[in-house]
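Asks: Quick check, what structure comes out for this input:
(2 chains)
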Number of protein chains: 2
Amino acid sequence: MTNIKQIAKLAGVSVTTVSRVLNEHPYVNEAKRSAVKEAIEQLHYTRNSNAVHLAKGKTFLIGVITPYTNHPYFGAIIEGISKQANAAGYHLVIFHTNYQRHKEIQALDMLRTKQLDSIIICSRVVEMKILRAYKGYGPIILCEDTMQTEFPSVCIDHYAAVTCAFDHLIKNNYSKIGLVLGRMIGRNSHQRLKAYHESVEKYQLDARKEWLIDGIYNMTDGGEVFHRWDELVEKPDALIISNDEAAAGFILQAKQSGKDVPGNLGIIGFNNDSVAEMLGITTVSLPLEQIGKTAFDLSQLEKEPAQIKLEFRLIKRNTV
Amino acid sequence: MTNIKQIAKLAGVSVTTVSRVLNEHPYVNEAKRSAVKEAIEQLHYTRNSNAVHLAKGKTFLIGVITPYTNHPYFGAIIEGISKQANAAGYHLVIFHTNYQRHKEIQALDMLRTKQLDSIIICSRVVEMKILRAYKGYGPIILCEDTMQTEFPSVCIDHYAAVTCAFDHLIKNNYSKIGLVLGRMIGRNSHQRLKAYHESVEKYQLDARKEWLIDGIYNMTDGGEVFHRWDELVEKPDALIISNDEAAAGFILQAKQSGKDVPGNLGIIGFNNDSVAEMLGITTVSLPLEQIGKTAFDLSQLEKEPAQIKLEFRLIKRNTV
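Replies: The predicted structure follows:
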């Protein structure tokens, strides 16, 4: 590979002069500048940006830790990060973790070794104490409903969102309410579960453990939840389903099996995806793309870490 | 920032020795090795990976050029790339282009400046002659139905896939067939259009320009296509819709408006998304995730550029 020593030799100038020409330094004699440019052309020299980054200490790359890429919830957050990053000349490096701890640490290590300028964590399994160990190497932004103030974060109040859905069901005379989730662990899920359990207690309702279902992410999963519901002897009369795609899968499967929503049970989805609009699903609208955009903006701030909570909104349609 | 000169000074060894220790070179005196390690610890030295990449000429980053990130077609391809890359210790750098030419060139420039090891192009607007100019800088993989042999490529035969859908409609006695597409330009779309026009000619059918609709990507768009279809005086009796989400949007909107599929018209979708399974949509199944996986595999080959065509499959359900 050509390096600047060879260019200097061919142009008959010093290495310093070559470096000045490459970095567009103003104080270079015009004759020397053209000699260097000619040598660069003759040697087909291509600058290695890793060398430039080494000098400037910036890569314009932002790491994004996400369990899944092709997923309605995380897909929308990543779309938001991507749009905002794009406009600022940054690109995303995607760490598709499937919630594997070592993949998350791999990303953090790339921040430490300066291959990334910052990291946005959409969802994680790694502990806070590990994050703390990487704090000095660059901004780490959390997209979760977090109580801490050490890291910048942006989130929706998932506790309040589930409580709002629950209250809406109560107001509509449902009393056997189930909850369908992606997973049970993680900060956001924890908040959702807490809201569910506290609401059950507040209204002194019956709640069975088979009314709490996790591992449900997409339309096919939602269809399977219908079959599980259908086989229960003691059925919930309403379900809060943590994403609209799964809610849609449930509803479509219910219709095919001759059951009616909300006739046989009420459904509230989450997100306000286009499928919710199309099927008239009552849902809690979450500003997912805005979470992504805000997370990028937070990565660019040098100030004290800010904690931002974005608003959700109940959209009443025809499934409650 | 600490550099290896400072480490060498503190450890009382040469810079070469420090470099050998950092690179785990076997021929280093044990006493010197511990002196260097101690100095590294004292100085809180963190290795800058850009320096390592500079030396090794490899970044383990793969650029992915995609018009959209949160999209059923491209989302599934990216998921495939991501899974395969992940297993091989690579990460993806996403260039979310919205089909803007300068964004595609930005990615190619990062290949040229060695910030990426290779590039996978999911879909592009940039001309072949531009791609040729970047050919020497690293593997460039095309995910398109391409006639060229200069670049490795992986694709589905979109011409044959649309022809197959068309033939299936003819066999089921439809004769006024329309085509609904994402866009008109680009290699894959061109092949789809060609198949459509040649089939119309082969069967000597009527085809009106308002039966050819583009700009249709998601469920909401599909719902709008229904309204356009509904307002036509001369209506097609069948539509080939280039993605299942849009087909689902059309069908759901049709049902809400009291129209029946396939009673009022036949629909064939593309992809075999979960929504197609759920709604019983007849569709052409495309191995999108496999395209992504194969594209990654092609980026790792040093051999002559290979052209790979993957198989599609007609799945007969209830909308034809």
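Asks: At the geometric centre of chain A, which residue sits there?
Replies: residue A:122 (3.2 Å; C-alpha atoms, centre = their mean).
Asks: in the sheet, who's paired with the residue lying closest to it once chain neighbours are set aside?
Replies: Leaving aside its chain neighbours, residue A:122 sits nearest to residue A:66 (4.3 Å; criterion: C-beta to C-beta, 6 or more residues apart in numbering or on different chains). Quick note: C-beta positions are derived from backbone N, CA and C, even for glycine. For residue A:66, the beta-bridge partners are residue A:96 (DSSP bridges).
Asks: Between its first and last residues, how far does stretch A:293-312 reach?
Replies: Its start and end residues considered, stretch A:293-312 measures 16 Å (C-alpha to C-alpha, to the nearest Å).
Asks: can you list the residues of the stretch 51-200 of chain A near chain B?
Replies: Neighbours of chain B within the stretch 51-200 of chain A, by C-beta under 8 Å from any C-beta of the partner chain: A:51-54, A:57, A:59, A:61, A:69-70, A:75-76, A:78-79, A:82-83, A:86, A:91-96, A:103, A:110, A:112-115, A:137.
Asks: Just give the number of residues close to the residue nearest to residue A:122.
Replies: Residues contacting residue A:66 under the criterion other C-beta atoms under 10 Å in any protein chain shown number 27.
Asks: Who are the contact partners of it?
Replies: Applying C-beta atoms under 8 Å, 6 or more residues apart in numbering or on different chains, we find residue A:66 in contact with A:74, A:77-78, A:94-97, A:122-123.
Asks: Tell me the buried residues within the residues you listed.
Replies: Buried members of these, counted by 16 or more other C-beta atoms under 10 Å in any protein chain shown: A:74, A:77-78, A:94-97, A:122-123.
Asks: Using the record's domain definitions, break chain A down for me.
Replies: A:4-47, A:56-156+A:289-310, A:158-287 (automatic domain parsing).
Asks: can you put those in a markdown table and add mean pLDDT?
Replies: Shown next, in a markdown table, are those (pLDDT from 0 to 100):
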| stretch | mean pLDDT |
| --- | --- |
| domain A:4-47 | 79 |
| domain A:56-156+A:289-310 | 90 |
| domain A:158-287 | 94 |
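Asks: would you turn those into TSV with distance to residue B:267?
Replies: Formatted as TSV, the domains of chain A follow (distance: least, C-beta to C-beta, whole Å):
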stretch	distance to residue B:267
domain A:4-47	51
domain A:56-156+A:289-310	23
domain A:158-287	15
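Asks: Do a quick rundown of the strands in the stretch 1-150 of chain A.
Replies: Secondary structure of the stretch 1-150 of chain A by DSSP state E, counting those that start in this stretch: the strands cover A:61-66, A:91-96, A:118-121, A:140-142.
Asks: As JSON lines, those strands with distance to residue A:272 would be great.
Replies: Output for the strands of the stretch 1-150 of chain A, formatted as JSON lines (distance: least, C-beta to C-beta, whole Å):
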{"stretch": "strand A:61-66", "distance to residue A:272": "20"}
{"stretch": "strand A:91-96", "distance to residue A:272": "24"}
{"stretch": "strand A:118-121", "distance to residue A:272": "22"}
{"stretch": "strand A:140-142", "distance to residue A:272": "23"}
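Asks: Determine which of these approaches residue A:158 most closely.
Replies: Closest of the strands of the stretch 1-150 of chain A to residue A:158 is strand A:140-142, at 13.5 Å (criterion: C-beta to C-beta).
Asks: tell me what the closest one is packed against?
Replies: Under the contact criterion of 3 or more C-beta pairs under 8 Å, 6 or more residues apart in numbering or on different chains; DSSP states H and E, strand A:140-142 touches strand A:118-121, strand A:153-156, helix A:288-299.
Asks: quick one, the longest one and strand A:91-96 angle?
Replies: Orientation of helix A:288-299 against strand A:91-96 (axes from the mean of the first three to the mean of the last three C-alpha atoms, to 10 degrees) gives an angle of 120 degrees.
Asks: Can you get me a residue count around whatever residue of the stretch 101-250 of chain A ends up closest to chain B?
Replies: Nearest residue of the stretch 101-250 of chain A to chain B: residue A:113, at 3.7 Å (C-beta to the nearest C-beta). Neighbour count of residue A:113, defined by other C-beta under 10 Å: 17.
Asks: What is the neighbour count of residue A:288?
Replies: Applying other C-beta under 10 Å, we find 25 residues neighbouring residue A:288.
Asks: Same question for the one 10 residues further on.
Replies: Burial of residue A:298, expressed as a neighbour count using other C-beta under 10 Å, amounts to 24.
Asks: And residue A:68, by the same measure?
Replies: Residue A:68: 21 neighbours (other C-beta under 10 Å).
Asks: What's the separation between it and residue B:229?
Replies: Per C-beta to C-beta, to the nearest Å, residue A:68 is found 35 Å from residue B:229.
Asks: Repeat that for residue A:196.
Replies: Taking C-beta to C-beta, one finds residue A:196 at 43 Å from residue B:229.
Asks: and if you look at residue A:128?
Replies: Residue A:128 is 54 Å from residue B:229, by C-beta to C-beta.
Asks: neighbour count winner among these two?
Replies: Shown here are residue A:128 and residue B:229; by other C-beta under 10 Å, residue B:229 has more neighbours (22 against 13).
Asks: Please name the residues that touch that one.
Replies: So, once contact is read as C-beta under 8 Å, 6+ apart, residue B:229 ends up touching B:178, B:235-236, B:239, B:250, B:265.
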